[in-house]
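**Student:** I would like the atomic coordinates for the input below:
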Amino acid sequence: MSYQQSGKIPQKRHTVFKSPEGQFYYEQLFGTEGFHGISSLLYHIHRPTQIKSISEPKDVTPKIAVAKNVTPRMFKGMNVAAEDDFLDSRKVLLVNSDLKLGLAKPKKSTDYFYKNAECDELIFIHEGSGTLKTFLGNLDFSYGDYLIIPRGTIYSIKFNDEKNTLLFIESHSPIYTPKRYRNEFGQMLEHSPFCERDMIAPTFVEPIDEKGEFLIKVKKENQIWDFIYATHPFDVVGWDGYFYPYKFNIKNFEPITGRVHLPPPIHQNFEAHNFVVCSFVARMYDYHPEAIPAPYNHSNIDSDEVLFYTEGDFMSRNHIDLMDFTLHPGGIVHGPHPGAMERSIGKKSTEEFAVMVDPFRPFQITEEALKVEDPSYVTSWLETPDNHLEDRSQE
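**Tutor:** Modelled structure (predicted):
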């Protein structure tokens, strides 16, 4: 991310900084990876350390149903249950030691603050709109937005109505844009499929100077504790640095195309330790006169592959609904469904949108995932009368 500055900050870091009334402001270093990773400096009206109490923890460890999986699977996201509370609604479907992935359908805005104390969060807005309110400012969001929320960010979330669907990832390592699209100074290169203008930083909001009892739910090691603080967490008068939440809309991803079919890394949008996130977007198909736009059969020997379908008609799959997840385990060959390759020949473009997550350690499957699994998916590549060359171009 690029350098940002908002609100009031002193000319020199780590120096005395006072209000016009002569009261000290309190500096906080906000960053990761010790003092090596990217960071920001925040300036608070009150010391951000004033804990009144901490509750007993609530355990939210995902319950694993399948620890070792080689079966291609599909999970029907439309069948994931909605919940009133934002945190209760987060149903983890797939997990490994690097990340958790799931779907949330919260109906109510939060009346508390939340901090994930060990994971960066990626939230993709499939349905709904609202405002992510953080101690660094606000981000309005709507369909297609990725919200990247660094670990340690204190936030609350306001939804405009009760119909919301969020794909979420909790990452044990920082989530970045791909390093191959940045030069040695961190600037996006000319051939990158997006640039800094597409990354929207929070809008600064005037600080809230309040004392009382303020609930911050803190998550760490699959436990959630209720912290009561003596001052409002959104009392930041100013901040600067490289570490902050931001949004990026999937429709700002500029697709890379070629004369013949190009592999999935061209769709990469984000990366972290041991996984990548790709955005499949509306694009022109391959333009060699004999090109086959459908992907070729392949086996990801080193990674699982998860696709979340968010808009349009995904040409390589039959009988896919929006909000479906497909999981193709590493080492098992997969490819277009029967008829999909043939249907794709001669097509000029697609309006599909999907989010792909490739982890480099196998996913375990949770009990929540099995509740919404379609067990027929594993045999959906068999050539049968119901699963062959139907022309879906008119659907």
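**Student:** State whether residue 346 is indeed within a strand.
**Tutor:** No: looking at residue 346 with DSSP: H, G, I helix; E, B strand; the rest coil, it is coil, so not inside a strand.
**Student:** Now do the strands in the stretch 51-200 of the chain.
**Tutor:** 51-54, 58-59, 64-66, 73-76, 90-95, 99-104, 113-116, 120-127, 130-134, 137-141, 145-149, 154-159, 165-171 (DSSP state E, counting those that start in this stretch).
**Student:** Report the distance from the second one to the chain centre.
**Tutor:** Relative to its parent chain, strand 58-59 has a centroid offset of 23 Å by CA atoms, centre = their mean, to the nearest Å.
**Student:** which stretches of this structure form helices?
**Tutor:** Using DSSP state H, the helices of the chain run over 340-344, 367-371.
**Student:** who wins for proximity to residue 380 among those helices?
**Tutor:** helix 340-344 (10.9 Å; CB to CB). Using the backbone N, CA and C atoms, a C-beta is placed for each residue, glycine as well.
**Student:** follow-up on the earlier one: rank the helices of the chain by mean pLDDT and give me the bottom one.
**Tutor:** Lowest mean pLDDT within the helices of the chain: helix 340-344, a mean of 89.
**Student:** can you pull the buried residues of that one?
**Tutor:** 340, 341, 343, 344 (16 or more other CB atoms under 10 Å).
**Student:** Distance to residue 334 for the helices of the chain - can I get that in CSV?
**Tutor:** Putting those into CSV (distance: least, CB to CB, whole Å) gives the following:
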stretch, distance to residue 334
helix 340-344, 12
helix 367-371, 18
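**Student:** right, so of these, which gets closest to residue 69?
**Tutor:** Of these, nearest to residue 69 by CB to CB is helix 367-371, at 10.2 Å.
**Student:** re the thing from before, closest to residue 311 out of the strands of the stretch 51-200 of the chain?
**Tutor:** Per CB to CB, nearest to residue 311 of the strands of the stretch 51-200 of the chain: strand 120-127, 8.7 Å.
**Student:** For that closest one, what is the distance to the chain centroid?
**Tutor:** 4 Å.
**Student:** Give me the contact list for it.
**Tutor:** Contact with strand 120-127 is made by 141-151, 163-171, 173-175, 250, 270, 272, 277, 308, 310, 322-323, 355, as judged by CB atoms under 8 Å, 6 or more residues apart in numbering.
**Student:** What is the burial count for residue 320?
**Tutor:** As a burial measure, residue 320 scores 20 neighbours (other CB atoms under 10 Å).
**Student:** I'd say it and residue 314 touch.
**Tutor:** Yes: using CB atoms under 8 Å, residue 320 is in contact with residue 314, at 5.3 Å.
**Student:** Distance-wise, check the residue lying closest to residue 372 once chain neighbours are set aside relative to residue 309.
**Tutor:** The spatially closest residue to residue 372, leaving aside those adjacent along the chain, is residue 79, at 4.3 Å (CB to CB, 6 or more residues apart in numbering). As defined by CB to CB, to the nearest Å, residue 79 lies at a distance of 14 Å from residue 309.
**Student:** The two - which one has more neighbours?
**Tutor:** Neighbours per residue, other CB under 10 Å: of residue 79 and residue 309, the larger number sits with residue 309, 22 against 13.
**Student:** list the contacts for that one?
**Tutor:** 320, 321, 322, 323, 324, 325, 326, 352, 354.
**Student:** just the buried members of the residues you listed?
**Tutor:** Looks like the contacts of residue 309 have 320, 322, 323, 324, 325, 326, 352, 354 buried, using 16+ other CB under 10 Å.
**Student:** Including distance to residue 66 and pLDDT, could those go into a markdown table?
**Tutor:** Converted to a markdown table, these look like this (distance: CB to CB, whole Å; pLDDT from 0 to 100):
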| residue | distance to residue 66 | pLDDT |
| --- | --- | --- |
| 320 | 22 | 84 |
| 322 | 25 | 92 |
| 323 | 21 | 92 |
| 324 | 18 | 95 |
| 325 | 14 | 94 |
| 326 | 16 | 96 |
| 352 | 29 | 92 |
| 354 | 24 | 96 |
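**Student:** So what would you say the end-to-end distance of stretch 87-97 is?
**Tutor:** 21 Å (CA to CA, to the nearest Å).
**Student:** buried ones in that stretch?
**Tutor:** Buried-residue list, stretch 87-97, by 16+ other CB under 10 Å: 87, 89, 90, 91, 92, 93, 94, 95, 96.
**Student:** Can I get these in a markdown table including distance to residue 57 and pLDDT?
**Tutor:** Output for the buried residues of stretch 87-97, formatted as a markdown table (distance: CB to CB, whole Å; pLDDT from 0 to 100):
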| residue | distance to residue 57 | pLDDT |
| --- | --- | --- |
| 87 | 13 | 97 |
| 89 | 19 | 98 |
| 90 | 16 | 98 |
| 91 | 20 | 98 |
| 92 | 17 | 98 |
| 93 | 23 | 98 |
| 94 | 24 | 98 |
| 95 | 19 | 98 |
| 96 | 23 | 98 |
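**Student:** contacting residues around the closest residue to residue 220 other than its chain neighbours?
**Tutor:** Leaving aside its chain neighbours, residue 220 sits nearest to residue 117 (4.2 Å; criterion: CB to CB, 6+ apart). Listed by CB under 8 Å, 6+ apart, the contact set of residue 117 reads 151, 152, 218, 219, 220.
**Student:** picking up where we left off before, from the buried residues of stretch 87-97, which single one is nearest residue 51?
**Tutor:** The closest of the buried residues of stretch 87-97, once distances to residue 51 are taken by CB to CB, is residue 87, at 20.3 Å.
**Student:** my guess is that closest one contacts residue 224, does it?
**Tutor:** Yes: the pair residue 87 and residue 224 passes the contact test of CB under 8 Å, sitting 7.0 Å apart.
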